[in-house]
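1. Dropping the sequence and predicted coords here.
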Amino acid sequence: MSGRKLIVGGNWKCNGTLDQVKAIVDHLNEAHVPCPNHIEVVIAPPFCFLPVLRNTLRSDFHLAAQNCWTGKGGAFTGEISAEMLTNLNVSWVILGHSERRTLCSESDEMVAEKVAYALSQGLKVILCCGETLEQREKNETNAVVARQIKAVADKVQSWGNLVIAYEPVWAIGTGKVATPQQAQETHAAIRTWLSQNVSESVAQQIRIQYGGSVSATNCKELGSQPDIDGFLVGGASLKPEFVDILNARI
Ligand code: PEP
């Protein structure tokens, strides 16, 4: 046993209407989940639904935003600051998701700036990293992930409020899940990198989620790998099967 508590995030991405939000929240509120003793649950709806969830979601589940700005708020049209999230009692933020890196051109440095600022404001951060299919086929997976994490290591001293989500880009939203062995290998490589470049205690204590087409069918085997400490779930977090994923280790 690693002693690291399982952490599962539901990333709703840019989905949902008020009626759908209500239906998902009702389902989650009624679900039996061994929370908070055996699992931490973090739900990341679109920004506009955060206050709705704040008022209706069970209090043993945490809330996350899917992004925030690199620094203090101001003249940044369309952005949301870390201060606004803490003001709404949102305790987590997902940063560096591959959709933002690719579609919004967020560089490793920009993601690292966001992570450092969010942590400085007391937010907890799920930092996403992962390689494309082309990079995996060129055997660059470990180097890509190390580069993405190094950018953060260059700006951050304290790792206690950070969780890493390893999300191979080719597995996100595609139905092509990494095999438990592929995921375990990369998670172990991340711990080795952290142990060599940050510290052994950070390497052992940090929780590393796997993300990429996680479902009720594949979560048990993925979750039984020694270096997989939970999941970041996209599509399936909008469906009733999310509760089965939360109970993957039961
Ligand atoms: C994600 O958006 O982080 C994700 C892993 O999506 P999906 O589960 O749909 O692959």
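-> In hand now; what should we look at?
2. Next one: the residue sitting furthest away from the middle of the chain relative to residue 105, how far apart?
-> Computed with Cα atoms, centre = their mean, the residue of the chain farthest from its C-alpha average is residue 75, at 27.8 Å. Applying Cβ to Cβ, to the nearest Å, the value for residue 75 to residue 105 is 20 Å. (C-beta placed from N, C-alpha, C; glycine too.)
3. Tell me which residues of stretch 123-136 come out buried.
-> By 16 or more other Cβ atoms under 10 Å, the buried positions in stretch 123-136 come out as 123-132, 135-136.
4. For the chain, give me the ranges with low pLDDT.
-> Low-confidence segments of the chain, defined by pLDDT under 70: 1.
5. Please name the residues that touch the residue of it found nearest the ligand.
-> Closest residue of the chain to the ligand, Cβ to the nearest ligand atom: residue 234 (2.1 Å). Residue 234 sits next to 11, 13, 172-173, 211 when contact means Cβ atoms under 8 Å, 6 or more residues apart in numbering.
6. give me phi/psi at the spatially most central residue of the chain?
-> Most central in the chain under Cα atoms, centre = their mean is residue 126, positioned 4.2 Å from the mean C-alpha point. Main-chain dihedrals, residue 126, degrees, to the nearest 10: phi -100, psi 110.
7. Just to check, it is in contact with residue 40?
-> No: taking contacts as Cβ atoms under 8 Å, residue 126 lies outside contact range of residue 40: 11.0 Å.
8. Can you list the buried residues in the longest helix along the chain?
-> Secondary structure of the chain read by DSSP state H shows that its longest helix is helix 180-197. Residues 180, 182-191, 193-194 are the ones in helix 180-197 that count as buried (16+ other Cβ under 10 Å).
9. Please render those residues as CSV that adds distance to residue 156 to the earlier fields.
-> Shown next, in CSV, are those (distance: Cβ to Cβ, whole Å):
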residue, distance to residue 156
180, 29
182, 27
183, 24
184, 25
185, 25
186, 21
187, 20
188, 22
189, 20
190, 15
191, 17
193, 14
194, 12
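10. and which of those is nearest residue 82?
-> In terms of Cβ to Cβ, no member of the buried residues of helix 180-197 lies closer to residue 82 than residue 194, at 23.8 Å.
11. Good, wrapping up.
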